[in-house]
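> Any chance you could fold what I've pasted below:
(one chain, ligands or ions: 1)
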Amino acid sequence: MAAANRNPTSILQHLDEIPFSIPGETWRLGPKPELIKASPDRVTPPCVYFTRCGGCQLQQMTETRQASEKQRWLVDLLKGVASEEKILPLLPSPKNWNYRRRIQLHVGPKGEVGFYAVKSRQVIDIESCAIADPALNAKLPEVRRLAAEVLAAPKRPASLSYELTLRDDGQVEIARDGEGRSFIQVNPEANRVLIEVLRRALDEIRPKSVLELFAGNGNLSYSLVTPERPWLAVESNPLAVEAGRATPAPEGSGVDWREGEAAKVAAQLYQSGKSFDVVLLDPPRGGAEDCLPMFRQWRPPAILYVSCHVPVLRKDLQVLQKSGYEVEWLQPIDFFPQTLNLETLIYLRLNPMAHPVKK
Ligand SMILES: C[S@@+](CC[C@H](N)C(=O)[O-])C[C@H]1O[C@@H](n2cnc3c(N)ncnc32)[C@H](O)[C@@H]1O
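The predicted structure is shown next:
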């Protein structure tokens, strides 16, 4: 018999070794691992597709246990970059189920409509998704009809998917192959938590100017701009910039927009002598590698970095630390309950005594 209760290690490693296990449990290993002694934190997953569908990894454990595993995961991953006392306790998502307002449904060769299976491109046909908003689930029959029409045509596409988005007006948008899409935060309630934490940070910093890189359609910008802190938002997706420009700002304040690559626009701003009290970054999963080196010379006094991918965050933080930035605190927020994803906000301040270290 082998056991999953060896040395405590990260949840990621555990799940890699024994999928759907919980650290501390005893399992008999083999081609079909068998649970021998369950954790007190084990619960019956409510979703019938769990373990086949690749979307969720953590439904087997209570939300409290999910939170402690994610916290430990973050602390482990950031060892040597951020000390444990700088990492604040994970803020939960206000909703643990039915929280997603956007899902991507794939279509299989036999007309299956659903999500990719664990570590494969096989489509698991689903009737509904337990973490999707009910308004999205209600559209599944329509997606099936649309997919059936496409598959019935003489020339089948090599791949077919539909992206469903619950808009602010309550309507569900169905976009074939994600056409014409721009980014949205998929968990609107957790998004509000992030905005409140950012608001508190900005109220403490009291900047007179904010540069936001990777601004999307202005989700953060319009929630946080005030007449006291003029805002410049940079984004490369023209659709997002168009939506951002069309959004009214709160009375007396304004958001300026620049469409373009964050690193290029930031370099132009630096070269033209502009300075900002705070730079807010919310890059995609690949991180903000291209933008960071210029901070060594530009030296904005504070950086607020929103990360959706901790391993990349680690690399980016190392670059910023070499440029003289120190981590004030990190605030993890559980944007994606039941899954192994995590959103983290990091507040960094320039140590004016620190001399940028050469690469
Ligand atoms: C994680 S999203 C954040 C969006 C926004 N902060 C929000 O809360 O909705 C990242 C955004 O960066 C944009 N983006 C990706 N690469 C970029 C680049 N090189 N320069 C500028 N924007 C980029 C994407 O189009 C996307 O809108």
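> could you pull out the helices for the stretch 101-250 of the chain?
134-137, 140-152, 188-205, 219-224, 238-245 (DSSP state H, counting those that start in this stretch).
> interface residues of the protein facing the ligand?
Near the ligand, the residues belonging to the chain are 183, 185, 214-216, 219-220, 234-237, 240, 261-262, 282-284 when assessed by CB under 6 Å from any ligand atom. Every residue, glycine included, has its C-beta placed from N, CA and C.
> Restricted to strands, list these.
Cross-referencing those against strands under DSSP state E gives 234-235.
> Narrow the residues of the chain next to the ligand to just the buried residues.
183, 185, 214-216, 219-220, 234-237, 240, 262, 282-283 (16 or more other CB atoms under 10 Å).
> Point out the least confident one among these.
Among those, F183 has the lowest pLDDT, at 89.
> And the residue of the stretch 151-300 of the chain closest to the ligand?
G216 (2.6 Å; CB to the nearest ligand atom).
> May I have the beta-bridge partners of T26?
Counting by DSSP bridges, T26 is bridged to A3, K37.
> now D177: how far from Q104?
As judged by CB to CB, to the nearest Å, D177 and Q104 stand 10 Å apart.
> intersection of neighbour lists for those two?
161-163 (CB atoms under 8 Å, 6 or more residues apart in numbering).
> Tell me where the model's unsure across the chain.
The chain contains residues with pLDDT under 70 at 1-9, 355-359.
> Kindly recompute the last result at 80.
Applying pLDDT under 80 to the chain flags the ranges 1-10, 178-181, 355-359.
> how about the strands in it?
Going by DSSP E, the chain shows strands at 26-28, 34-37, 102-107, 113-116, 123-125, 161-166, 172-176, 210-213, 231-235, 255-259, 278-281, 302-307, 325-333, 343-350.
> what's the distance between L239 and F183?
Between L239 and F183 the distance is 10 Å, computed by CB to CB.
> And D41, by the same measure?
34 Å.
> same thing with E17?
34 Å.
> same deal with T51?
30 Å.
> likewise D133?
Distance, D133 to F183, using CB to CB: 17 Å.
> and which of the buried ones among the residues of the chain next to the ligand is nearest G24?
Each of these was scored against G24 by CB to CB, and Q185 proved nearest at 33.1 Å.
> Tell me who's in contact with the residue nearest to that closest one when sequence neighbours are not counted.
Among residues not flanking Q185 along the chain, N191 sits closest, at 4.1 Å (CB to CB, 6 or more residues apart in numbering). Contact partners of N191, counting by CB under 8 Å, 6+ apart, are 185, 219, 335.
> cool, and E235?
214-217, 241, 244, 257-259, 262.
> burial measure for the closest residue to L292 other than its chain neighbours, as a count.
Spatial nearest neighbour of L292, excluding adjacent residues (CB to CB, 6+ apart): V319 at 4.6 Å. The number of residues packed near V319 is 18, by other CB atoms under 10 Å.
> Help me confirm that V319 comes into contact with D290.
No - counting by CB atoms under 8 Å, V319 stays clear of D290, with 10.7 Å between them.
> Residues in contact with both of the two, list them for me.
With CB under 8 Å, 6+ apart, V319 and D290 have no common neighbours.
> and V241, how many neighbours does it have?
Other residues within reach of V241, judged by other CB under 10 Å, total 22.
> measure the residue nearest to it when sequence neighbours are not counted to E173 for me?
Of all residues beyond its chain neighbours, the one nearest V241 is E259 (4.4 Å), with distances taken as CB to CB, 6+ apart. Between E259 and E173 the distance is 23 Å, computed by CB to CB.
> my read: L146 touches L160, true?
No - contact status for L146 versus L160: not in contact, 9.3 Å apart, counting by CB under 8 Å.
> shared neighbours, these two?
With CB under 8 Å, 6+ apart as the test, L146 and L160 both reach R176.
> more crowded one of the two?
For L146 versus L160, neighbours defined as other CB under 10 Å are more numerous around L160 (20 against 17).
> Leaving out chain neighbours, which residue sits closest to the more buried one?
Distances taken as CB to CB, 6+ apart place V107 nearest to L160, at 4.1 Å, with adjacent residues excluded.
> on that earlier part again, and the residue of the stretch 151-300 of the chain closest to the ligand, what is it in contact with?
Counting by CB under 8 Å, 6+ apart, G216 touches 182-184, 235, 237, 240, 244, 282.
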